[in-house]
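Visitor: I'll drop the sequence and a predicted model, then ask my questions.
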Protein chains: 2
Amino acid sequence: MVDKFTFHMPTTVCFENGIAKKVKDYITGENVCIISDPFLFENGTAQALGAAMEGKKVVYFSRIEPNPSCESVDEAAACIREAKADCVIGLGGGSSLDVSKMAACLGDNEGSIYDYYGGGSKTLKKRKTQLICIPTTAGTGSEVTNVGVYTNKKAGIKMPMVNQEFWPDYALIDGELTVSLPPCVTASTGMDAFCHAIEAYWNKESQPVCDMLSMGALKSILEHIKTAYDHPDDLNARGAMITASLIAGISFSQTRTTGIHALSFPLTTEFGASHGTACSITLPAFIRKSREQAGEKMQQLCNYLGYPDAEALADGVEELMKSMGMPVRLSQIGVREENLTHIAQVGLSAAIIRLTPAVMNEQTVTELLRSIL
Amino acid sequence: MVDKFTFHMPTTVCFENGIAKKVKDYITGENVCIISDPFLFENGTAQALGAAMEGKKVVYFSRIEPNPSCESVDEAAACIREAKADCVIGLGGGSSLDVSKMAACLGDNEGSIYDYYGGGSKTLKKRKTQLICIPTTAGTGSEVTNVGVYTNKKAGIKMPMVNQEFWPDYALIDGELTVSLPPCVTASTGMDAFCHAIEAYWNKESQPVCDMLSMGALKSILEHIKTAYDHPDDLNARGAMITASLIAGISFSQTRTTGIHALSFPLTTEFGASHGTACSITLPAFIRKSREQAGEKMQQLCNYLGYPDAEALADGVEELMKSMGMPVRLSQIGVREENLTHIAQVGLSAAIIRLTPAVMNEQTVTELLRSIL
């Protein structure tokens, strides 16, 4: 037992395949701004959601890029203010959801995100604009966290912002929205959810509520990810995956993540790997490493998941990733021996790396990276 | 996978052995009303909590009886109104916590509980009075539910009331408060928590978030209840038990309970069994019965808990109860053959009995009761 913990996740979660078509039942306002990315606008997903809100005035902001910048947040906020939106809907992967959180807050506050984040000293007042998050990938978990990750171009870094006003009022979880995901996105986002769950589980700030949620999410991902990858239309697998991603999200919303996510930041910003790939590429190595300080707990997890030990789990995860065409060596995404120290240094600058159940310093992290070069 | 589910539990949970001494950190108001029972007032637990609020004006309402009546709720509300309390603290078992929920609401609303419940048609407006629940037993789970159970003397029945204003703002979970529980109360309240967890798990409205929470709570109770019973001062066991009770509470707050709780009502009101005893006395029989419609799921649970099958789990639970001096036959609490049909009829009048994963009618329920006479 840990000595102390808290649990607080006030978002109302509603799961049902097809629930996005009922979005109107959850909207209290009249003027809606749907925040999504160009892909979801071009393929009509955003408009289909808007069409399900008959009688509401709907505007679309669809310029969210991967690893969204503070400038995108400010542009989305300008759109919300101009439309006098009293309901903001984030629709998409983590990028759209994260932007919707801060942009909805800026609908009720003056100024730019830079006034509140990355050196800004203002405090967000209580959000009145309704915030509904609808994930279209089974990976982010952002729909049930109070965190947004933004790329601060001024400082040249990707940095999380945590705020109590960021908890969505509703998270609508709809497996149907994920059937059109390309298999490679199913794989990388699904393995991102796996990382969320296992990082919450072995976290130095892990706690019993989240331990159980993580175990369930991990088991479900192992059971369903390959089916969702091989059979994109399998609604049972899609529902199970987006639910597992949700549960993993609740779990890491309480504990934060660890070394995997810390090291993913430079792998994404400097080597262009997608977030899910950047995370999962170090996952097997971290599973092996986690035995250092979480050996007994990892063994309990392995027993539950049906693996003899953490080594076997790491091997199994690596084979699973390979079977979905995912890179498992850093050299596959362009990393070279001479980059390792720098990646380790950037990863070590993220506070969450201290939550890893192993000694994390330049030497140990570089060694871990070298083991998967 | 279920077709649809929701999850909403907005209470902020804080666990730490000794946290009750820090209660002041959680209070936003100035005038506090502590609602507890005569036992907690006489043994000084309520006053110790009040003493930890230096600078606040504190009044005590300590007349909560087991299976609290609507009249007690109204008396507590009168105390809150007279003291102009802006913070209500429920301290105790389920009775005190349940009363604190409705009484806090009546601090912001006019009239009696009967205006809002049991035929009353008024609607509670948004609660402004802060509500903090601090359980002193490891069993109720009431600290993380939006339900209060009150005995409606006018109608002569014990009936639950569900309201969104009943979610406490904070649930402070402190294992130290349970070290003075008599062993028989440790046993009966702990087995009540076991029932909450397993009834959420096999519930016809079960869902994946709560399934995982239930599994964890069940395992932890099986591991720690006998230690807490044999060694009341074991703070590790006490912390684990009150945490398991909390987790079971979160779980059944989403699903409600089933036949065990439905049948407990007449066993309590007509045969005087404590709530925990009235629930757990039918637990082994319901474990056996649950295989009828939840066979595969129960087998998965048994695998996790280390039992070969549900029959073995039922036997193990029965032995555990006997080892703690708990009755396992209805005749031990004064029930006779001629009472069975009536008990079944009263149980069947509770809506929750339909959530049991088995055919529940006068014949099957009477048979179940006869099997443990």
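Guide: Looks like it arrived, so ask away. Since this is a predicted model, take the numbers as computed values, not measurements.
Visitor: Check the closest residue in space to A:Lys101 that isn't next to it in sequence and give its pLDDT.
Guide: Distances taken as C-beta to C-beta, 6 or more residues apart in numbering or on different chains put A:Phe166 closest to A:Lys101, at 4.3 Å, once the chain neighbours are dropped. All C-beta spots, glycine's among them, are computed from the backbone N, C-alpha and C. Looking at A:Phe166, its pLDDT is 98.
Visitor: Give the full set of residues in contact with A:Phe166.
Guide: Taking C-beta atoms under 8 Å, 6 or more residues apart in numbering or on different chains, we find A:Phe166 in contact with A:101-102, A:105, A:145-148.
Visitor: Chain B versus that one, what's the distance?
Guide: 15 Å (C-beta to the nearest C-beta, to the nearest Å).
Visitor: Now do the residue nearest to A:Leu330 when sequence neighbours are not counted: how many residues are near it, please.
Guide: Nearest residue to A:Leu330, sequence neighbours excluded (C-beta to C-beta, 6+ apart): A:Leu373, at 5.1 Å. By other C-beta atoms under 10 Å in any protein chain shown, the residues close to A:Leu373 number 13.
Visitor: and A:Leu373, that's in a strand?
Guide: No. Applying DSSP: H, G, I helix; E, B strand; the rest coil, one finds A:Leu373 to be coil, outside a strand.
Visitor: Compute the distance between it and A:Phe271, please.
Guide: 13 Å (C-beta to C-beta, to the nearest Å).
Visitor: so what sits against both of these two?
Guide: What both A:Leu373 and A:Phe271 touch, as defined by C-beta under 8 Å, 6+ apart, is the set A:Val335.
Visitor: picking up where we left off before, identify the residues contacting the residue nearest to A:Leu330.
Guide: A:Leu373 neighbours (C-beta under 8 Å, 6+ apart): A:329-331, A:335-337, A:340.
Visitor: Can you say which of those are buried?
Guide: A:330, A:335, A:340 (16 or more other C-beta atoms under 10 Å in any protein chain shown).
Visitor: any idea which helix or strand carries the last one?
Guide: With elements taken from DSSP states H and E, the one containing A:Leu340 is helix A:340-348.
Visitor: CA atoms only for that helix, dumped as CSV, please.
Guide: Below are the C-alpha coordinates for helix A:340-348, written out as CSV (Å, rounded to 0.1, in the frame of the first residue of the first chain):
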residue,chain,number,x,y,z
LEU,A,340,21.8,9.0,-27.8
THR,A,341,23.4,11.3,-25.1
HIS,A,342,21.4,14.2,-26.4
ILE,A,343,18.1,12.3,-26.4
ALA,A,344,18.9,11.1,-22.8
GLN,A,345,19.6,14.7,-21.8
VAL,A,346,16.4,16.1,-23.2
GLY,A,347,14.4,13.2,-21.7
LEU,A,348,16.0,13.8,-18.3
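Visitor: Let me know the helix or strand that the residue lying closest to A:Lys289 once chain neighbours are set aside is in.
Guide: Using C-beta to C-beta, 6+ apart and skipping residues adjacent in sequence, the residue nearest A:Lys289 is A:Ala358, 4.7 Å away. Using DSSP H and E, A:Ala358 is not contained in any helix or strand.
Visitor: Report the closest residue of the stretch 251-373 of chain A relative to chain B.
Guide: A:Tyr304 (7.0 Å; C-beta to the nearest C-beta).
Visitor: Which positions within the helix or strand harbouring that residue qualify as buried?
Guide: Using DSSP H and E, A:Tyr304 maps to helix A:283-305. Using 16+ other C-beta under 10 Å as the test for burial, helix A:283-305 gives A:283-291, A:294, A:297-299, A:301-302.
Visitor: next helix or strand past the helix or strand containing A:Val88?
Guide: Using DSSP H and E, A:Val88 sits within strand A:87-92. Moving toward the C-terminus from strand A:87-92, the next helix or strand (DSSP H and E) is helix A:94-107.
Visitor: Determine the set of other helices and strands touching that next one.
Guide: strand A:31-35, helix A:70-82, strand A:87-92, strand A:130-135, strand A:147-152 (3 or more C-beta pairs under 8 Å, 6 or more residues apart in numbering or on different chains; DSSP states H and E).
Visitor: quick one: contacts of the last one?
Guide: When contacts are defined by C-beta under 8 Å, 6+ apart, strand A:147-152 is touched by residues A:67-70, A:73, A:94, A:98-99, A:101-102, A:113, A:117-118, A:142, A:157-163, A:166, A:253, A:269.
Visitor: Output that strand as PDB - backbone C-alpha positions only.
Guide: Output in PDB follows, covering the C-alpha atoms of strand A:147-152 (Å, rounded to 0.1, in the frame of the first residue of the first chain):
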ATOM      1  CA  VAL A 147      -3.600  18.100 -19.200                       C
ATOM      2  CA  GLY A 148      -2.900  19.700 -22.500                       C
ATOM      3  CA  VAL A 149       0.500  19.400 -24.300                       C
ATOM      4  CA  TYR A 150       1.400  22.400 -26.500                       C
ATOM      5  CA  THR A 151       4.500  23.200 -28.500                       C
ATOM      6  CA  ASN A 152       5.800  26.500 -27.300                       C
END
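Visitor: relative to helix A:70-82, how tilted is it?
Guide: 120 degrees (axes from the mean of the first three to the mean of the last three C-alpha atoms, to 10 degrees).
Visitor: and the angle from strand A:147-152 to strand A:87-92?
Guide: Going by the same axes, to 10 degrees, strand A:147-152 makes 80 degrees with strand A:87-92.
Visitor: Check the helices and strands packed on helix A:94-107 for me and report the most buried one.
Guide: Most buried of the helices and strands packed on helix A:94-107, by mean neighbour count (mean count of other C-beta atoms under 10 Å in any protein chain shown): strand A:87-92, with a mean of 30.
Visitor: if we can go back for a sec, now the residue nearest to A:Lys101: how far from A:Ile113?
Guide: 12 Å.
Visitor: quick one: common contacting residues for the two?
Guide: Residues within reach of A:Phe166 and of A:Ile113 at once, by C-beta under 8 Å, 6+ apart, are A:Met102.
Visitor: filter the contacts of strand A:147-152 to the buried ones?
Guide: Buried among the contacts of strand A:147-152 (16+ other C-beta under 10 Å): A:67-70, A:73, A:94, A:98-99, A:101-102, A:113, A:117-118, A:142, A:157-158, A:160-161, A:163, A:166, A:253, A:269.
Visitor: Please consider this matter closed, and thank you.
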